[in-house]
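Asker: predicted model and sequence follow; I will ask about them next.
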Amino acid sequence: MRRMCLSVGVGLLLAAGSALAAQAPAQQVQPVEMRGRIVRVDPAAGVIVIRTGEGNAVKNMEYRVAKDTRYLGTDLKVLQDGLRAPGFRQGIDVWYRAMPATSTTPQSLMSLSLAPAKPAPPPPPPPPPRP
């Protein structure tokens, strides 16, 4: 009887441990793709402020850029000058992928692009001819 209780207890501990291990990867921080308009750029400090949202939900978000941040032009080709590239200036619409802030890292950009995030939808088809 004692052996059976011990083996049931060990089995429950193993099951609980594997359930916790399975949940751990789901809690990793994922980048978020967003659109916005540049408010301010400071290439020397590696900081960019982007306005996002509409109406009452407008927010100015400050992001740090890292050495591995990718900068893309309107043709989706990589820009080597980073924030110093001529396209990154106040009032320009951009899309970007940001990593949310965590307890150990500030909010940062993974990529910043002058190109639209999604192509314009195709025009609607013409109406069918009437007989």
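Answerer: Done, it's in.

Asker: tell me the pLDDT of the most centrally placed residue in the chain.
Answerer: In the chain, the centroid-proximal residue (Cα atoms, centre = their mean) is residue 32; its distance is 2.3 Å. pLDDT, residue 32: 72.

Asker: and for residue 28?
Answerer: Value listed for residue 28 in the pLDDT field: 61.

Asker: again with residue 14
Answerer: pLDDT, residue 14: 55.

Asker: who's in contact with the lengthiest strand in the chain?
Answerer: Within the chain, and with DSSP state E defining each element, the longest strand by residue count is strand 59-72. Residues from elsewhere that reach strand 59-72 (Cβ atoms under 8 Å, 6 or more residues apart in numbering): 36, 39, 46-53, 78-79, 81-83, 85, 88, 96, 98, 106-115. Where C-beta positions appear, they are placed from N, C-alpha and C, glycine not excepted.

Asker: next helix or strand past the helix or strand of the chain with the lowest mean pLDDT?
Answerer: The helix or strand of the chain with the poorest confidence is helix 2-23; it has a mean of 55 (mean pLDDT, DSSP states H and E). Toward the C-terminus, helix 2-23 is succeeded by strand 32-42 as the next helix or strand (DSSP states H and E).

Asker: pull the distance from the helix or strand following that following strand to the chain's centre.
Answerer: Next along the chain after strand 32-42, taking DSSP H and E as the criterion, comes strand 47-52. With Cα atoms, centre = their mean, to the nearest Å as the basis, strand 47-52 stands 13 Å off its chain's centre.

Asker: thank you, goodbye.
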